[in-house]
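1. predicted model and sequence follow; I will ask about them next.
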Amino acid sequence: MLYGYEDWPKLSLESFKLGKELNPRSLRVGSIKYDFEPTSVVITGMGGSGIVGDIVRDSLWSYNIIVHKDFNIPKWVDSRSLVIAVSYSGETLETICGALDALKRGIPVVGVTTGGRLASELEGRGAPVVKVPKAIAPRFGLPNLLYAVLGVLSHYLSIPEIDESIKIQEDALKSELPGRLASFVRGHVPMIFVPLGLQAVAYRFKNDLNENAKTPAVVAVVPEADHNDIVAVMLKHPVKYIIIRGRTDDVHDYLMRTVEEVVRSYSSDVEVIELKGSSRLSQEVYGSMLLGLVSIKLAELYGIDPVRTDPINTLKEKIKGISCPSN
Ligand code: F6R
């Protein structure tokens, strides 16, 4: 079973259209104007919705994109910024608080969700909301949320290579790597090295390993990891090393080759994953899909249900009644 991965190309295209159809530039919510050139874009959301912000930040790295994973948005954000609040369910407290805090402070907010309280709170205040199709669980709805956000942003920023980033998904679907890599990491903690600029792929993989395969994982972002994480290779741990290689620039490419050399000089438990695609967006979408499938295969090897995330539900239930921070 592929948990809807096979529909990603179709959903990506549909969701980009949905995001584009909602042109917030024509809107005004009370005194808040949406027709402006934002000095920054703040993308707020948690977990499977929050990773959308990481992918957008890496992909549109020449813009000022801030990823926010908490309640009220930072104090410095003002009406020259655009806030995009992403919550698959529309019920995530952190994201709802962030969106309402922004609107209260006169900052334009666009919601991206399947519905829930986020949609009703924003719509009740006249703010725009893109409603995306449902998936099996939030993380399986990545194309729905990501491409809807890109559609919205296409009214403000120049978006690269949408077509390539959708076409490349077929390559990830056809790859035989997921089964092989799942057997490689089985029974171990994966330590994932990734170059800065493509780190969202590693974080998405970590999250999928956590949620689908109920497995802890470590992300080591290079160059910072060259100054700390790398030292862990000196001792034998129940760890398998995964090195994600993509194209950002020659220096980071060289650094990743060097990391590989050093890790291999201590351990033979190393696999290198080459990201396909010419833009960062394509590489991140390709990597997210390919490595997501690894986490599904690993869940199968462990004989567990990838969909269940009981501790998340328990935690959400426990915090349900709390109010947004007052600032
Ligand atoms: C569950 C999952 C979680 C959620 C997170 C936020 O499948 O992936 O990481 O994404 O708890 O919930 P939403 O996405 O509904 O705002």
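-> It's in. Numbers count the residues shown, from 1 in each chain.
2. which parts of the stretch 201-327 of the chain sit against the ligand?
-> Counting by CB under 6 Å from any ligand atom, the positions of the stretch 201-327 of the chain adjacent to the ligand are 211, 309, 312. From N, CA and C alone the C-beta is placed, and that goes for glycine too.
3. any idea how many residues pack against the residue in the chain positioned nearest to the ligand?
-> Taking CB to the nearest ligand atom as the measure, the point where the chain comes nearest the ligand is residue 47, at 2.2 Å. As a burial measure, the neighbour count of residue 47 was computed by other CB atoms under 10 Å and equals 19.
4. show the contacting residues for the closest residue to residue 249 other than its chain neighbours.
-> Ranked by CB to CB, 6 or more residues apart in numbering and with sequence neighbours excluded, the top spatial neighbour of residue 249 is residue 197, at 7.9 Å. Residue 197 makes contact with 58, 61, 248-249, 252, 280, according to CB atoms under 8 Å, 6 or more residues apart in numbering.
5. residue 143 now?
-> Contacts for residue 143 (CB under 8 Å, 6+ apart) come out as 8-9, 11-12, 15, 285.
6. mind putting the residues you listed in TSV, secondary structure and pLDDT included?
-> Rendered in TSV, the data for the contacts of residue 143 read as follows (DSSP: H, G, I helix; E, B strand; the rest coil; pLDDT from 0 to 100):
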residue	secondary structure	pLDDT
8	helix	98
9	helix	98
11	helix	98
12	helix	98
15	helix	98
285	helix	98
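7. who wins for neighbours among those residues?
-> Per-residue neighbour counts (other CB under 10 Å) across the contacts of residue 143 peak at residue 285, which has 33 neighbours.
8. so what's the nearest residue to that residue once chain neighbours are set aside up against?
-> Closest residue to residue 285 apart from its sequence neighbours, by CB to CB, 6+ apart: residue 165 at 4.7 Å. Residues touching residue 165, when contacts are defined by CB under 8 Å, 6+ apart, comprise 12, 277, 279, 281-282, 285-286.
9. can you list the residues of the stretch 51-200 of the chain near the ligand?
-> Checking the stretch 51-200 of the chain against the ligand by CB under 6 Å from any ligand atom, the hits are 87-89, 92, 95, 137-139.
10. show me what the helix or strand residue 20 falls within is packed up against.
-> When secondary structure is defined by DSSP states H and E, residue 20 falls within helix 8-21. Under the contact criterion of 3 or more CB pairs under 8 Å, 6 or more residues apart in numbering; DSSP states H and E, helix 8-21 touches strand 129-131, helix 142-153, helix 162-167, helix 169-174.
11. in CSV, list those along with mean pLDDT.
-> Output for these, formatted as CSV (pLDDT from 0 to 100):
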stretch, mean pLDDT
strand 129-131, 98
helix 142-153, 98
helix 162-167, 97
helix 169-174, 97
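12. quickly note the distance from the nearest residue to residue 166 once chain neighbours are set aside to residue 111.
-> Beyond its immediate neighbours in the sequence, the residue positioned closest to residue 166 (CB to CB, 6+ apart) is residue 12, lying 4.8 Å away. When distances are taken as CB to CB, to the nearest Å, residue 12 and residue 111 turn out to be 20 Å apart.
13. which strand or helix spans the residue nearest to the spatial centre of the chain?
-> When the chain is reduced to its mean C-alpha position, the nearest residue by CA atoms, centre = their mean turns out to be residue 51, at 2.0 Å. Remark: residue 51 resides in helix 47-59, with elements defined by DSSP H and E.
14. that helix vs helix 142-153, what angle?
-> Orientation check (axes from the mean of the first three to the mean of the last three CA atoms, to 10 degrees): helix 47-59 against helix 142-153 gives 50 degrees.
15. rewinding a little: single out the most deeply packed of the helices and strands packed on helix 8-21.
-> Mean neighbour count, computed with mean count of other CB atoms under 10 Å, is highest for helix 142-153 among the helices and strands packed on helix 8-21, reaching a mean of 28.
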